[in-house]
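**Student:** Everything below, folded, please.
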Amino acid sequence: MIERADIHLVPMLLAAVLLAIGIFVGDAFCGGVSFAVALTVVGVLFVAFCIFRNRQPLSGILFIPLVISFGIFIYINSASKVPSLYSDGYEGWEGVLMSRPQQHGKVYMADAMVTSGRMCGHYVRVSIFADNRSRFLDEGHGIRCVSVFEPIEDFGVKRNFSYSRWAMSHDIVGRTFLYTNAWDAADVRLTHLSKWKRIVVKCSLLRGNVARKLRMDISDDDAAALVSALTLGDRSGITKELREMYSVAGGSHVLALSGMHLGIIFFVLSYVFFRRRYKVFGGVLTLSFIWGYAVFTGMSPSIMRAAVMLTVYSVVEIIGNYRNQLNTLGVAAVSILAFSPFSLWDVGFQMSIISMLGIILFYKPLYSLIPAAWLFRCSILRYLWSVVCVSLSAQICVAPIVAFYFGRFSCYFVLTGIVVSVLAVLIIVCTLAMLLAMAAGVGTDFLGNVLSHLANWQNEALAWISSLPHASIENIRINCAQLILIYIVIIALIALAYRISRVIRINRLWHSVTSYY
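**Tutor:** The predicted structure is shown next:
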């Protein structure tokens, strides 16, 4: 039976594309449009769509401007909530450090959640003059300050990456510099924050405590930094050299929490809890842990996308309905963009969605290149080939955007994928066991040594890969038009490949029928 790929079978993917177009249009052309006007347009189109919902093709025609106008509306609504940075000068405020301060020259830099003052509820990038007091600051510490807020600006020309856009997608609305006498450590109250912001701050405090405990139990600094990045999303301990090494080897995605990490945790929990007899209870328990972990690690767009997709998969598995992976991806994208439209400019969100789209489209055709009879003879070969297919599938779609933003292509990404698929799984599983051991108060020294060895092995393996000849192609320069043309070519090749496979299957069916008669 031939699968159909008509666009009307994946309405949520179409809705995600239209919503992204609406957000982009709202940013580019609708700066002067008021909230009331945007809401009125959405309301009129929604009423018209409801009236003509059973009339084709009119309902389909109305669906397009409805979703685009909704994208414009949510962008205008979100932009209206961003506070103005123009003020008369110095102002007092309190905040909580939401990341571990990192030293850059003569300052320590960190992100802070403002808990009182005009910027309350938003993040600011804080630069604190390095002295004897500031070097003891850590994630979760409260500060009371008097400073001037300034807008985020792009520093220099670094290809197509916009730091100001990235900051906006993470709700970092400004930056400020704190002199020695401009701040004091303080016990900050959270009463002015919303309940959700309070949860975010308290999760950050807990995450900071766990990260400090991991650094104590894992002796090697690079190993501890890698474990914290893999499991807690805390990349503050990753050195510039280690970050560059992973980038050259094609393993930068490992240092940022993504669907791979959450998928590993999900399948481990599913194996333990998702039994056929207690399917509903196991599914609820697994998803509760997944969403709790997503909130605990800061709910980055990639984690949100993975959590939504895993939730949809689990619900469909429980009720036993047909699963459409493209629709599931569309649901995840719509959920993230509706909640945070600025995520459209987050490079991590873009790469997460595009890589997942590549896996959905290319994994099965690539996996079927080796006959199933060969694969089932050896489970190790089957696992390694699946890892290769996942890496190739994701890289086909994500390589252009990596080159667009960072001007680099990693040539040994498949080898990196094989190394990471083994060691990262072991590191994440051992870290989960270590968190349980921390709660019980036993076995942390042994597990700390195990994690230290696993992390060092992964670092050494990727260091070797990055040192191979021609490990990466550097200084690739493509503009936006060239990027669009590259993806048009990829889409054309996808359509051609599916058409060829369909013709081959029809010919096989025809020959089998004619030979029968």
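**Student:** Which parts of the stretch 251-400 of the chain are helices?
**Tutor:** 259-273, 279-296, 301-319, 325-339, 347-367, 372-375, 379-406 (DSSP state H, counting those that start in this stretch).
**Student:** Quick one: closest of those to Val188.
**Tutor:** Among the helices of the stretch 251-400 of the chain, the nearest to Val188 by Cβ to Cβ is helix 279-296 (20.6 Å). Yep, even glycine has a C-beta here, placed from its N, CA and C like the rest.
**Student:** Helix or strand for the residue nearest to Arg198 when sequence neighbours are not counted, just tell me which one.
**Tutor:** Nearest residue to Arg198, sequence neighbours excluded (Cβ to Cβ, 6 or more residues apart in numbering): Leu190, at 4.9 Å. Assessed by DSSP states H and E, Leu190 sits outside every helix and strand.
**Student:** So for Leu190, what pLDDT did the model give?
**Tutor:** Looking at Leu190, its pLDDT reads 86.
**Student:** Look up how far Arg135 lies from it.
**Tutor:** 26 Å (Cβ to Cβ, to the nearest Å).
**Student:** Looking at the two, which one has more neighbours?
**Tutor:** For Leu190 and Arg135, the more surrounded residue by other Cβ atoms under 10 Å is Leu190, and the numbers stand at 18 against 12.
**Student:** distance of that one from Asp171?
**Tutor:** For Leu190, the distance to Asp171 - Cβ to Cβ - is 17 Å.
**Student:** where are the low-confidence patches of the stretch 351-500 of the chain?
**Tutor:** Of all residues in the stretch 351-500 of the chain, those with pLDDT under 70 make up the ranges 375, 443.
**Student:** Repeat that for the stretch 101-250 of the chain.
**Tutor:** Checking the stretch 101-250 of the chain against pLDDT under 70 turns up 155-159.
**Student:** Which stretches in it count as helices?
**Tutor:** Under DSSP H, counting those that start in this stretch, the stretch 101-250 of the chain gives helices at 163-169, 195-217, 221-232, 240-249.
**Student:** nearest to Ala372, of those helices?
**Tutor:** helix 240-249 (31.4 Å).
**Student:** Quick one: list the elements packing against that closest one.
**Tutor:** On a contact count with 3 or more Cβ pairs under 8 Å, 6 or more residues apart in numbering; DSSP states H and E, helix 240-249 meets helix 221-232, strand 408-410, helix 444-466.
**Student:** how about a cut-off of 10 Å?
**Tutor:** helix 221-232, strand 408-410, helix 413-440, helix 444-466, strand 472-474 (3 or more Cβ pairs under 10 Å, 6 or more residues apart in numbering; DSSP states H and E).
**Student:** Can you tell me what sits against it?
**Tutor:** 221-222, 225-226, 229, 235, 238-239, 251-255, 402, 406, 408, 410-413, 415-416, 419-420, 458-459, 461-468, 471-472, 474 (Cβ atoms under 10 Å, 6 or more residues apart in numbering).
**Student:** could you flag which of those are buried?
**Tutor:** 222, 225-226, 229, 235, 238, 251-255, 402, 406, 408, 410-413, 415-416, 419-420, 458-459, 461-462, 465-466, 471-472 (16 or more other Cβ atoms under 10 Å).
**Student:** who touches the residue nearest to Arg198 in this structure?
**Tutor:** With Cβ under 10 Å, 6+ apart, Leu190 has these contacts: 94, 96, 113, 115-116, 142, 197-199, 201-202.
**Student:** One more pass at 8 Å, please.
**Tutor:** 96, 115, 197-198, 201 (Cβ atoms under 8 Å, 6 or more residues apart in numbering).
**Student:** ranking those by neighbours, who comes first?
**Tutor:** That'd be Thr115 among the contacts of Leu190, by other Cβ under 10 Å, with 25 neighbours.
**Student:** Please give me every residue in contact with it.
**Tutor:** 94-96, 142, 188-190, 192-193, 201.
**Student:** Which among the residues you listed count as buried?
**Tutor:** 94-96, 142, 188, 190, 193, 201.
**Student:** okay, stretch 399-411 in PDB with CA atoms only?
**Tutor:** Taking Å, rounded to 0.1, in the frame of the first residue of the first chain, the C-alpha atoms of stretch 399-411 are listed here in PDB:
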ATOM      1  CA  ALA A 399      23.800  21.400   7.000                       C
ATOM      2  CA  PRO A 400      22.700  24.400   4.900                       C
ATOM      3  CA  ILE A 401      21.500  26.300   7.900                       C
ATOM      4  CA  VAL A 402      24.600  25.500   9.900                       C
ATOM      5  CA  ALA A 403      26.700  26.800   7.000                       C
ATOM      6  CA  PHE A 404      24.500  29.900   6.700                       C
ATOM      7  CA  TYR A 405      24.800  30.900  10.400                       C
ATOM      8  CA  PHE A 406      28.300  29.600  11.300                       C
ATOM      9  CA  GLY A 407      30.100  29.100   8.000                       C
ATOM     10  CA  ARG A 408      31.200  25.500   8.800                       C
ATOM     11  CA  PHE A 409      30.600  22.000   7.600                       C
ATOM     12  CA  SER A 410      31.800  19.000   9.700                       C
ATOM     13  CA  CYS A 411      33.000  16.300   7.400                       C
END
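**Student:** can you list contacts of it?
**Tutor:** For stretch 399-411, using Cβ under 8 Å, 6+ apart, the contacting residues are 159-161, 247-250, 347, 350-351, 354, 416, 470-478, 480, 483, 486-487, 490.
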